[in-house]
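*Asks:* Build me a model from this:
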Amino acid sequence: MKHAKYTAYSVITTLLAELALMAVVLWLLPRWGIDIPLWGLILMMAALGAYDYITYRLGKEALDKKPMISPDIGSKCQVATSLTPKGYVRVNGELWQARASSTIDAGEEVVVVGIKRMTLLVSPVENDGLESKRNTLR
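*Replies:* Have a look, this model is predicted:
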């Protein structure tokens, strides 16, 4: 198994959380005069189990995904939040912090021109003149 330790850790922590919930509902709350019926305990334990299962699946999916080491200079990406001049861009499905020399609206395409620590330096994609040539021919 690829993530046997992660699976074992998830099962053990889920069981411990379920035991803690059971101890609180059956032992601690009655001391304060709060009585929860057995069906309420079962419902809470089922909800906690469902939550743990969903977070397990999401965590396993994140572990299986191969991370991008670093985008290459010249990579094209799309602006996720407005760059004023800081914001976020999406490169191959991953969000990266970015900085631009001017304000760039969300949804626009930019190109990576440099990397400083974990921040991408980006600039707007330049038209290569083909678009203007097409417009003059029309």
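
*Asks:* got the buried residues for stretch 21-32?
*Replies:* 21, 25 (16 or more other Cβ atoms under 10 Å). (Each C-beta comes from the backbone N, C-alpha and C, glycine too.)

*Asks:* Same check on stretch 58-72?
*Replies:* Pro71.

*Asks:* next one: stretch 40-54
*Replies:* Within stretch 40-54, judged by 16+ other Cβ under 10 Å, the buried ones are 41, 44-45, 52.

*Asks:* what do you get for stretch 83-94?
*Replies:* Those would be 83, 87-89, 91, for stretch 83-94 by 16+ other Cβ under 10 Å.

*Asks:* Just put the buried residues of stretch 40-54 in TSV and tack on secondary structure and distance to Gly33.
*Replies:* Formatted as TSV, the buried residues of stretch 40-54 follow (DSSP: H, G, I helix; E, B strand; the rest coil; distance: Cβ to Cβ, whole Å):
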residue	secondary structure	distance to Gly33
Leu41	helix	17
Met44	helix	19
Met45	helix	22
Asp52	helix	30
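
*Asks:* Kindly reformat those as JSON lines containing distance to Ile12 and pLDDT.
*Replies:* Shown next, in JSON lines, are the buried residues of stretch 40-54 (distance: Cβ to Cβ, whole Å; pLDDT from 0 to 100):
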{"residue": "Leu41", "distance to Ile12": "21", "pLDDT": "94"}
{"residue": "Met44", "distance to Ile12": "20", "pLDDT": "96"}
{"residue": "Met45", "distance to Ile12": "16", "pLDDT": "95"}
{"residue": "Asp52", "distance to Ile12": "11", "pLDDT": "93"}
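
*Asks:* can I get these in JSON lines with distance to Ala106?
*Replies:* As requested, the buried residues of stretch 40-54 are exported to JSON lines (distance: Cβ to Cβ, whole Å):
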{"residue": "Leu41", "distance to Ala106": "46"}
{"residue": "Met44", "distance to Ala106": "41"}
{"residue": "Met45", "distance to Ala106": "43"}
{"residue": "Asp52", "distance to Ala106": "35"}
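
*Asks:* Fine, thanks again, bye for now.
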